[in-house]
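Novice: return atomic coordinates for the entry below.
(4 chains)
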2 protein chains.
Amino acid sequence: MARNIKVSIIEDDETLRDGYAFLIGATEGYDVISTYCSYDEAAKKIAADKPDVILLDIELPGVNGIDAIPKLKKLLPNCYILILTVYESEKQIFNALANGASGYLTKNTPSTKIIESIKEVREGGGPMSINIARLVIRSFQKNQESPLSKRETQILELIGEGKSRGQIANELFIDLETVRSHIKNIYLKLDVNSRADAIKLARQNKLI
Amino acid sequence: MARNIKVSIIEDDETLRDGYAFLIGATEGYDVISTYCSYDEAAKKIAADKPDVILLDIELPGVNGIDAIPKLKKLLPNCYILILTVYESEKQIFNALANGASGYLTKNTPSTKIIESIKEVREGGGPMSINIARLVIRSFQKNQESPLSKRETQILELIGEGKSRGQIANELFIDLETVRSHIKNIYLKLDVNSRADAIKLARQNKLI
DNA sequence: TCACAAATCCCCCAAATAGGGGGATACTAT
DNA sequence: ATAGTATCCCCCTATTTGGGGGATTTGTGA
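Specialist: Prediction:
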């Protein structure tokens, strides 16, 4: 490694902020170059700090951490953002990641793991706390006990891609009327009567 | 911990299989109760083994690892499956997770991490190799440079949910003609002329 | 201040689509 | 044998779609 990793911390709790700063700063290979207690405060100066990695809290006064991510990314396009928070709600996690966070740690994470994660994120990894990884993986998993047959699932997937009956028929080399039959059965099984409702239910229950 | 973790290994390479078996078996708290060189071979006996965790290879003779996951899950609903493979393609990873794998490790993973991951998966975690976690996290991240405006993105998301112009208009409290205008602009910007194409392009480029 | 994007709304039109009925046939697995 | 699956056929109407052509207002950045 050529040079130390430059870390900035944005965290409103002073005790935690100083604690992290001390821990990380004391570790060889890491420099804590700045700490801020809010995004608004950080916004003025963080571009000049040019950190490699930002440790970001979610529960912040003013602009919250989630909304701060794209703003920070705009100021520092090559900087990695590591979320460090107590929030474990699916929405928070997925929004943080969608906004450009490169990792997500909860505050019960041992400090050694935090320090390791900072290096990991800069090397192209995606560090997550154990409980976060579970949620993330679960978000991929399909329901194993679907009421739908294979063909029905397949057609529902195509409906989820916005395709019309005709397009589906062409893609699967079957008649338009066959597609229609399958859709009727899907609606029956899911107890819905529109594409939008079918997609919603299917996604909620991870049938597709 | 009350009792040792019971591990089964399905891996066609004999050297690797024996290597893993030895390493894990020699670790306190772990028992390797069976090893198999294919799914077909495992299918006959693994239900009786009642492992807590299965280490599963993807490149197997006969039924491949991805397809073996749901079959194993059916035989052993409470068993965790940990993929251990050289494959790092997005499709393989997402299919494995969708089929019910609880973790995904690549074969360059150090043995200590593998052993740690076995425990982690049984405690409800979702262990992943660093490079896998990167791909998984990236799959959530939206494109920060979308050509679409906020409203357009919002409407495209609703289109992705299979909603009609009318439904979108109701949901956003705007006129049907306004929705139409936005959709026209979306089509112009994305250079498409159908819902299906717009959704496809938007998902490919992570605009939604 | 001026241009531009964004968001809102309005009209025309024809063709396609969706969803509600009612069936039939053939194959497969239990 | 009975249920589920996959395939195909007909009726019907209301809705939706996508292609044109506009307009107005608001806010932002140059």
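Novice: give me the pLDDT value at the spatially most central residue of chain A.
Specialist: Residue closest to the mean C-alpha point of chain A, counted by Cα atoms, centre = their mean, is residue A:97 at 2.6 Å. Looking at residue A:97, its pLDDT stands at 96.
Novice: and what of the one 10 residues further on?
Specialist: Note on residue A:107: pLDDT of 90.
Novice: residues in contact with it?
Specialist: A:16, A:84, A:85, A:86 (Cβ atoms under 8 Å, 6 or more residues apart in numbering or on different chains). In this view, the C-beta of every residue, glycine as well, is placed from N, C-alpha and C.
Novice: the host helix or strand of the second one pairs with which strands, parallel or anti?
Specialist: Per DSSP states H and E: residue A:84 is located in strand A:80-85. For strand A:80-85, sheet partners with direction are given as strand A:53-56 (parallel), strand A:103-106 (parallel), following DSSP bridges.
Novice: out of the ones you listed, flag the one nearest DNA strand D.
Specialist: For the strands paired with strand A:80-85, proximity to DNA strand D was assessed by Cβ to the nearest atom of the strand; strand A:53-56 is nearest, at 23.5 Å.
Novice: so how far is the closest one off the chain centroid?
Specialist: Distance of strand A:53-56 from its chain centroid, counting by Cα atoms, centre = their mean, to the nearest Å, is 15 Å.
Novice: cool, and stretch A:166-175?
Specialist: For stretch A:166-175, the distance from its own C-alpha centre to the chain's C-alpha centre is 35 Å (Cα atoms, centre = their mean).
Novice: close to DNA strand C, is it?
Specialist: Yes: counting by Cβ under 7 Å from any atom of the strand, DNA strand C has neighbours in stretch A:166-175: A:166, A:167.
Novice: could you export that stretch as CSV, CA atoms only?
Specialist: Provided in CSV are the C-alpha atoms of stretch A:166-175 (Å, rounded to 0.1, in the frame of the first residue of the first chain):
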residue,chain,number,x,y,z
GLY,A,166,-48.7,-10.4,-28.0
GLN,A,167,-45.0,-9.8,-27.1
ILE,A,168,-45.2,-12.7,-24.6
ALA,A,169,-46.8,-15.0,-27.2
ASN,A,170,-44.0,-14.2,-29.7
GLU,A,171,-41.3,-14.7,-27.1
LEU,A,172,-42.6,-18.1,-25.9
PHE,A,173,-43.7,-19.3,-29.4
ILE,A,174,-47.2,-19.9,-28.2
ASP,A,175,-50.6,-18.6,-29.2
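Novice: quickly list the domain ranges of chain A.
Specialist: The record, using automatic domain parsing to delimit domains, assigns chain A the ranges A:5-138, A:150-204.
Novice: and the first one, end to end?
Specialist: Translated: domain A:5-138. 32 Å (Cα to Cα, to the nearest Å).
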